[in-house]
Every structure is written in C-alpha cells, then in structure tokens.
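Student: quick one, fold the following:
(chains A and B)
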Amino acid sequence: MSTATETIEQLANREYKYGFVTEVESETIAKGLNEDIVRLISEKKNEPAWLLEWRLKAYRLWLTMKEPTWQNVKYDPINYQDISYYSAPKKKKALNSLDDVDPEVKRTFDKLGIPLEEQKLLAGVAVDAVFDSVSVATTFREKLANMGIIFMSFSEAVQHHPELVKKYLGSVVPHTDNFFAALNSAVFSDGSFVYVPKGVRCPMELSTYFRINAKETGQFERTLIIADEGAYVSYLEGCTAPMRDENQLHAAVVELVAHDDATIKYSTIQNWYPGDKEGKGGIYNFVTKRGLCQGRRSKITWTQVETGSAITWKYPGCILQGDGSIGEFYSVATTNNWQQADTGTKMVHLGKNTRSTIVSKGISAGHGQNTYRGLVRIGKNAANARNYSQCDSLLIGDKCGAHTFPYLEIRNTSARVEHEASTSKIGEDQIFYCRSRGLNLEDSINMIVSGFCKEVFRELPMEFAVEAQKLLSVSLEGSVG
Amino acid sequence: MSMLDVKNLHVTAEGKEILKGLDLHVNPGEVHAIMGPNGSGKSTLARALSGHPQYAVTEGEVLFEGRDLLAMDPDERAREGVFMAFQYPVEIAGVINANFLKAALNAKRKHLGQPEFDAMEFLQLVREKSKLLEIEDSMLKRAVNEGFSGGEKKRNEIFHMALLEPKLAILDETDSGLDIDALKLVAAGVNAMRSPDRAFIVVTHYQRLLNYIVPDFVHVLSGGRIVKSGGKELALELEAKGYGWIDAA
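Tutor: Next comes the predicted model:
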C-alpha cells in the first residue's frame, strides 16, 4: 500500500464537524401523526382557522398518497408514526430581542459560525436562524423593514402578514403536489418568509440557517419568497445536524414567486449529517422546491451545493410562465461513503421566448450513488423557447456510481434544446500531475474537484463560494485510495 | 556532494520488472541524456524518480543530495527540487494555469520557509519567465493544458520548470511531437536554466534534441540497465548506427 493511501485513510477518519448536540430544554410533542397532532401544531403557533383547514386538507390527502418509489435510492421504509413532528427550545418569555434567545441556542449558532449578534455578522448578510421547529432569531430586520422588505420567520409572517401568506402559500407547490409536499403542508413548523416590494433591490444577502438538534424529530420547514415587480433578492440557506445513529427526516417545501422584471437568486449549501462511514444514520433530505416566474422577463436562479444527507431527493425547478422569463439551475452534488443523491431540476416552459440553463455537476466517491434527474418541458404555446443542459459526473474510486436521467417533452417545434453530458474518472494521472508540481494530496484533489465545479461556484454569493469550496473538500476527504 | 545517486534500481510496473539494476550518478551542473529503444525503460526511470504511484521500486537505492528520495512522497520530492516535464502533460479542466502554478510555487516556498508570493509578485515573475518561451497571456488564463496543442503543452511544461526552479529537472521525451521551431524554443528555455547548481536528465529517443540541448553525458538504456555511457558524441554514433548496434555489442 502506498503512503498516499495511508494519508487518505487518516483523512477519512476525520469527523463531521457539526455533529454536536446542544443541551437545551426542549418542548417536544409525542411521536406520531394524526389530526390531533396537526391541530396541536397549528394551535401552538396560534394560527388562523383557514390555515388549520389548509393543513387538515393536506393531511387527509396525504393519508391517501403513496410514498414515491421511482427515485434511484434505497432505504428502509420510514415509520411516520415514530417521528415527533414538533420540537422547540423552551422559552422563558416572549422573544423581544436577540438578548432573549436562549444562550445555549445562541452558542450553538456561534459554534456553527453563524453569530446572531448583528455587529458580528458578515457585512451585508441578514440571517434567520431556525432551531428544530422554530425560528429563534432574525437579524437586520428593522433595517430591511425601512425599505419595505419583509424578512421574518414563517410563523411571524402568519401573524403579521396573513394576507400575503394566504395569497401565496401553496400557489407554486400545492399541497397535492407530491407525498412529501403534502406531509409538509400538514405539519410544517417554521421557515423563512421574504417579501421584496416593487422596484426594491434588497441591499444584502438574506440567509436562513437550519439546525436540527432534537432526537427522533422531523424538520418540516416552509419557505416562501416573493419578489414584486422589478425587485431583486438573493437568498441563501445553510443546514447542519448532530450525528445520530437513527435516520432523521427533513421534508421541506420552498416556494418562490417572481413578478414582472423581478429576480430571485436562491442558493443552498446543504450539509446535513450524511451518516457514518458504514452508512449508519444521516438525514433523509426529501425536499420540494419550485419557483414561479410569473411575470414577464422575470428570472429565478437556483444554485445548490449538496454535500450532506444520507439521501437527497430534490428537484428545484422553475415554471417559466411570463414571456421572456429565465430559469437557471446550477448544482454540485457529492456523495461519499454510502450517501445517495437523486437530484436535478424541472424547467417548465409556458411563456414565449423563455430560456433555461441547467448545469449539474455530480461527484461520487466511496460507495456513493449520484443520480441526475432533470425534466425540460416545452409547452405548446412556448414559442422560441430555449434550453441548454450540461450534466457532468466525476467518479472518485471504483465502487461509486453516476447516473443521468434527462427527460425532454417538447410540444412546440420552434424550441431549441441542447443537452450535453460527460462522465469522467478522477485520474491517478491528474493527481500525480498536481503532486509532481509540489501540491500535497489533499490540495491536489481539492484543486481538481474545484476546477470541475467552477461553473457552479461562480454563481454563489462570494462569501459563500469560499465556504462551499471548503465544505466540498471536507466532504470528499478520504475519497481517493 | 553529488546531486543524484541511483544504485542498483529495480522498478516494476503492472507486475512486470522494467528496470533491472540501474546505476546513475549525476553531479550539479551536469546534463545527462538517457537514450534507448522503445520499451528499454527510459520513461520508467523518469517516472520512478518522480514518484509515480504505478511504478514500484522493488530493489536498490536513490539518494538525492544524500537523502533517501524513495522515502519521499511525489509532492515532497517536487518541493525539495525534483521536477519532471511530462511526456504526456495532463489536462485539468476548470483550473486556471496561472492559479495552478501560483499554488504550486507557494507550496514550494512555504516548504522551504520562504514567504509566499502574493498575486503581484507572482505576476511579475510570470512576465519575466514567459518571454523566453513565448508563453502568451491566453495560455496562462486557460485551464491547465486544456485544449493546448502538443507544442503548447510541452512549452507549458518547460514554463512550469522555469517558474519552479528545480535543482534536478527530468525531461521525459520532451521532444516528441514537437516541430523544429517549438523544439528550438523548448531547448532555449532549458539552456537558459543551465547553471552550476542545477542538473538535468534528458530522456529522449532521438538524437535531434541533443543538437540543441548539448549533454555532458549520454547513457544508453537497454533491457532495464545502462549498457553504454559516453560523451555527447555517443548520441551521434547511435544516430548513425541505430540501437541494433548496442544490442549486438
């Protein structure tokens, strides 16, 4: 065995650095799911009657639905009665300012590199922090409010802006959409709400940081972002969870609405606990994300860096309804050890002169299985629609797999659709070439992988591109042998 | 002190023994040409010295400035001052040539306890070194070797060498696939770097390169061993008589 292999094995034994548990007194409701649980969640959040009805409708529909099985992943059946659907750190009094946040919770976010005190934050980033089922703090809120921008937790939005929530909730991802979206609609707990008014360009990155802490709890967040005419907003989400032997379910729904000439950039750095080297534990990340380009010349860009989770099942898509609207999807998905990912996008062209771009980079290492699944649908009225798709797969080692399932449905003859795909193996030759110039093994792999992902990283807000690159190198540690 | 001492080197690749007891002694300032027919083990020697993982040393010893070279990882060898110009330079998509070189150079400087170069200092050095090899700006901004012509790849290798300033440079069939103009350019790049404290091992099949990079010693490799050594005139003799002459001798 070469010394290189030994070095790699040492690196592989490095731990998931976000795997700690916070000791905080939590209020967690009993396991199981029934109408009473749905009512209880709604009651805890002091929701209006219409929202409870909406949840119940979703719950009743969910009971009749079957879990999807078409995805290219394997897992034991989930017992939905063995999960607690709501957990929140106990608060001693109402949260009026950041000072009221439980110090343990605050320390958790500090440890994760997400300080909640505004003066310590990265300049130009406002943060909403979600701990288990509830939002614990939203920063820079007043500054944004002065411009008419609403950035708050979903629960607060229900209280303060019910008309907006009622108007848009479920308008892009209806509760009937799929099994996990129906489940989320019934039991969602918290998430972020963003509204950017007409003509306003949001002056800072908005960011939500999701943390699962409690045991045997699911996280079901719901995020809704609306950019009114001519508005611009860039939003980023990050996620981590403690290391636990059991799998935990995370089934989120994200809806975006862009009106005429509005732009929404939505970036994700997903680093849920991926399970251990034997494939034990980890998060099941079953997420529905969709953006509606409702207005003319509107634009939605999804950028995702998916390095965590035991299983990832998500297809952030765009419905290009407005004429001249643009949808983009840039993705890096890595699977190492026993991780599985089935991810991609849906671009549905309805309006004229609509354009979409898909750039997907899949990296598989260890026993990881990585699937790209993407749909490009050109409707019959979508004259002069264009799509460009590029799917590249990088294999590290010989026990992993890469799969590509592109679906094209074209009902208008003026459409122009291009698809390119490639699969390559990270070569011993490439690594040796880098090392022969003096770069150590780790830096060599990082360099090759970051080169492979470059087209996606350059879409990320700058502060996060650096973080994404670091995360990627951590998640691939020990992948070459 | 000698630069490189190779004693009784045995190297196996894909289960087959290719070098079967090779000895070579290189002093600072010297240029050694390694010639030989296809399959004689020339490239194996170059790759084994630079630490390619597919070439396993089964017997023998290599000392670089008196230290055990074989105990070092390939990147450590590079940082210590051993450089190999590849016969087939490797493409690395998405990694900008200039960034790659800056990372490599700084890895070396850090290893040697020298301050790392910032972007401006690096750029200045690049300007200086790129002139001689006629390296255009576009070659620096493109991904490493990606879409480079054969000649560009080889010039890029010598450019890497010029920036990294190794103590010992091994050129593995750098002349293959080069037209005469490119060959002259590459040779000029190498000659400019010849100095009393730097040594070169030039692996080549043809004598042609040695018209431009004039060696101090020529060694003929056959069957995994050096079977004949001499001065620069040995290359000419080989050219005239062919490798069959060695095997027959």
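Student: start from the N-terminal end of chain A and give the helices.
Tutor: Using DSSP state H, the helices of chain A run over A:3-12, A:35-44, A:49-64, A:103-111, A:141-145, A:154-160, A:162-168, A:179-187, A:428-435, A:441-457, A:462-475.
Student: which residues in chain B form strands?
Tutor: Per DSSP state E, chain B carries strands over the ranges B:4-13, B:16-26, B:31-35, B:55-64, B:67-68, B:82-85, B:92-96, B:143-144, B:168-172, B:199-203, B:217-222, B:225-230.
Student: now what about the fifth one, what contacts it?
Tutor: Contact partners of strand B:67-68, identified using C-beta atoms under 8 Å, 6 or more residues apart in numbering or on different chains, comprise B:E61, B:V62, B:E80. C-beta here means a position set from N, CA and C on the backbone, and glycine is covered the same way.
Student: before we move on, the earlier item: quick check: which of the helices of chain A is buried the most?
Tutor: Using mean count of other C-beta atoms under 10 Å in any protein chain shown, the stretch among those with the largest mean neighbour count is helix A:179-187, at a mean of 25.
Student: what's the burial count for B:T12?
Tutor: Using other C-beta atoms under 10 Å in any protein chain shown, B:T12 has 18 other residues around it.
Student: what residue ranges in chain B score low on pLDDT?
Tutor: Low-confidence regions of chain B, defined here as pLDDT under 70, cover residues B:247-249.
Student: mind listing what the spatially most central residue of it touches?
Tutor: To find the centre residue of chain B, average its C-alpha atoms and take the closest one (C-alpha atoms, centre = their mean): that gives B:I170, at 2.0 Å. By C-beta under 8 Å, 6+ apart, the residues touching B:I170 are B:A46, B:L49, B:S50, B:V82, B:F83, B:M84, B:A85, B:F200, B:I201, B:V203.
Student: just the buried residues of the contacts of strand B:67-68.
Tutor: B:V62, B:E80 (16 or more other C-beta atoms under 10 Å in any protein chain shown).
Student: could the contacts of strand B:67-68 go into TSV alongside distance to A:I149?
Tutor: As requested, these are exported to TSV (distance: C-beta to C-beta, whole Å):
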residue	distance to A:I149
B:E61	70
B:V62	66
B:E80	57
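Student: tell me the one of the contacts of strand B:67-68 nearest chain A?
Tutor: The shortest distance between chain A and any of those, using C-beta to the nearest C-beta, involves B:E80 and amounts to 9.1 Å.
Student: for chain B, what lies in contact range of chain A?
Tutor: With C-beta under 8 Å from any C-beta of the partner chain as the criterion, chain B comes near chain A at residues B:50-54, B:73-75, B:77-79, B:83-84, B:86, B:89-90, B:92-95, B:100-101, B:103-105, B:107-108, B:111, B:143, B:160, B:164.
Student: follow-up on the earlier one: out of the helices of chain A, nearest to A:V376?
Tutor: The minimum distance between A:V376 and those falls on helix A:441-457, with 18.4 Å, by C-beta to C-beta.
Student: and the pLDDT at A:I363?
Tutor: According to the predicted model, the pLDDT of A:I363 comes to 87.
Student: residue contacts, it?
Tutor: When the contact criterion is C-beta under 8 Å, 6+ apart, the partners of A:I363 are A:332-335, A:370, A:393-394, A:396, A:449, A:452-453, A:472, A:476.
Student: beta partners of it?
Tutor: According to DSSP bridges, the partner residues bridging A:I363 are A:T334, A:L394.
Student: quick check: it vs chain B, distance?
Tutor: According to C-beta to the nearest C-beta, to the nearest Å, A:I363 stands 13 Å off from chain B.
Student: how close does that residue sit to A:T335?
Tutor: Here the distance between A:I363 and A:T335 works out to 7 Å (C-beta to C-beta, to the nearest Å).
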